[in-house]
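# predicted model and sequence below, questions to follow.
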Amino acid sequence: MSEVATILEQEPVITMNLEEAMQNRRSVHYFETNGPAITNSQWKKLFELTALSPSSFNFQPWDFIIVDDQKAKEEMHPLCWGQQQILDCSAVVAVLGDKNPHRRDAEILQQFKDNGYIDETTREAYMGAVDVVYPDEGRKIEHAAGGSSLAAMSFMLAAHGMNLATLPIIGFDHDAIVKYLDVPDDYIVTMLIAVGHSANKDLPRQQRRDFTDIVHWGKMNGKQ
């Protein structure tokens, strides 16, 4: 993108409130083919908002790969079980979960101290806490998947607020996608998100389980 075009880009604005966004966000299955490209300003706004997602120790165990080249999407298509959305959307975002986010523990815990959350003694104690909280590969994967999934939901809500359509995709050959995207061994691909513009062909929203069915009080199957 030229410097002039970048300057002329308008700052994306989100005008809908949170309830409206949550009520109306959909997993879109039909994208407008050859729809407008997502601009640099839109990407920047999306990920600035996504970065506000919560995470344990504020380790932020997420990274993202944007694939917006049509040839690359065509190469990914068979690795994603031939799902048409991969071809039709404007871009595919790979959501990566970091199994070893404590590589940044010194920096992040120093921020906690500098911002007045902890003292030096606590900072030193926390430096060794990560290996206790995430002692093995299974717990590291849980942490990576959980944290990056929170970020993915933030991303999809922000995208909806910017009138962009999204579809989370878990149907793909994980190892093949990892290889294709050159993902390091200490990351997992939690999901792919197709991003673009809705073709407005989706059917009405599927029914959701009722409040009384999904909420338990005190213990599982506990009723109010």
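The structure has been received and is ready for your questions. Numbers count the residues shown, from 1 in each chain.

# can you give me the helices for this protein?
Assigned by DSSP state H, the helices in the chain fall at 3-8, 18-24, 40-50, 70-76, 85-88, 105-114, 120-127, 130-133, 137-161, 174-180, 211-214.

# of these, which is nearest Asp98?
helix 137-161 (5.6 Å; C-beta to C-beta). The C-beta positions use only the backbone N, C-alpha and C, and glycine is treated the same way.

# next, the angle from that closest one to helix 40-50.
Interaxial angle, helix 137-161 versus helix 40-50 (axes from the mean of the first three to the mean of the last three C-alpha atoms, to 10 degrees): 130 degrees.

# count of neighbours near the residue nearest to Phe59 when sequence neighbours are not counted?
Nearest residue to Phe59, sequence neighbours excluded (C-beta to C-beta, 6 or more residues apart in numbering): Pro101, at 3.8 Å. By other C-beta atoms under 10 Å, the residues close to Pro101 number 25.

# shouldn't Pro101 be in contact with Asn58?
No - using C-beta atoms under 8 Å, Pro101 makes no contact with Asn58, being 9.5 Å away.

# and Ile38, backbone torsions?
For Ile38, the backbone dihedrals (degrees, to the nearest 10) come out as phi -80, psi 130.

# which residues are in contact with it?
Contacts for Ile38 (C-beta atoms under 8 Å, 6 or more residues apart in numbering) come out as 68, 90-91, 164, 195-196.

# so what's the residue sitting nearest the centre point of the chain up against?
With distances taken as C-alpha atoms, centre = their mean, the chain has Ala152 as the residue nearest its mean C-alpha position (2.1 Å). Neighbour list for Ala152: 95, 168, 190-191, 193 [criterion: C-beta under 8 Å, 6+ apart].

# neighbouring strands of the strand ranked longest in the chain in the sheet, and parallel or not?
Counting by DSSP state E, the longest strand found in the chain is strand 187-196. Strand 187-196 pairs in its sheet with strand 91-98 (antiparallel), strand 165-169 (antiparallel), by DSSP bridges.

# quick check: buried residues in it?
187-196 (16 or more other C-beta atoms under 10 Å).

# which among these gets closest to Lys219?
Closest to Lys219 out of the buried residues of strand 187-196 is Thr190 (30.1 Å), distances taken as C-beta to C-beta.

# I'd assumed Ser149 was in contact with that closest one.
Yes - Thr190 lies in contact with Ser149 (C-beta under 8 Å); the separation is 5.9 Å.
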